[in-house]
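need a 3D model of the sequence below.
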Amino acid sequence: MPTVAEYMRKEAIVSCTPETTLREASKIMHSHGVGSLLVLDDGMRLLGIFTERDLVKAIAGHADPDKDTVEKYMSRSVITVQPYESLVKASQKMLEHGIRHMPVVDSTGRVVGVISIRDALRGLISFHEFP
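Got it, this is the predicted structure:
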């Protein structure tokens, strides 16, 4: 059975710090063509995730994009997977929680990659032969 490590993307880690302003966060997401940012500390440890939905909620709530930071609006409970876990288990987690991208963390909690539902599906299809 294929593992997350075989299909995760190491170069796809697009992140910010908790102190990043909402405007800076939106610019990072726009320039990388992504809908979320991993919020990391200096040691690459996951503190949270900031999504397009979080940005919309902040702006709708009259946040100041130049002063308010992602720390106030990010989700702190992030569903993660470890590199040795199977693609089936990772896919189940994503489907169960309604997420399309999941951070891959090592045993120390450091982010080592990201796996998407598309990555997982690609791996599962390549593992099985279909008529």
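
report how many residues lie close to the residue nearest to residue 116 when sequence neighbours are not counted.
Distances taken as Cβ to Cβ, 6 or more residues apart in numbering place residue 101 nearest to residue 116, at 5.0 Å, with adjacent residues excluded. Backbone N, C-alpha and C define where each C-beta goes, glycine included. Taking other Cβ atoms under 10 Å as the neighbour definition, residue 101 ends up with a count of 20.

OK, contacts around residue 101?
Residues counted as contacts of residue 101 (Cβ atoms under 8 Å, 6 or more residues apart in numbering) are 36, 114-117.

buried ones among those residues?
Among the contacts of residue 101, those that count as buried by neighbour count (16 or more other Cβ atoms under 10 Å) are 36, 114-116.

secondary structure, distance to residue 72 and pLDDT added to these, as CSV?
Shown next, in CSV, are those (DSSP: H, G, I helix; E, B strand; the rest coil; distance: Cβ to Cβ, whole Å; pLDDT from 0 to 100):
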residue, secondary structure, distance to residue 72, pLDDT
36, strand, 16, 90
114, strand, 24, 93
115, strand, 28, 94
116, strand, 27, 91
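
sorry, back to before: of the contacts of residue 101, closest to residue 11?
Distance from residue 11 was checked for each of those by Cβ to Cβ. The minimum falls on residue 114, at 9.2 Å.

that concludes my questions; thank you for your assistance.
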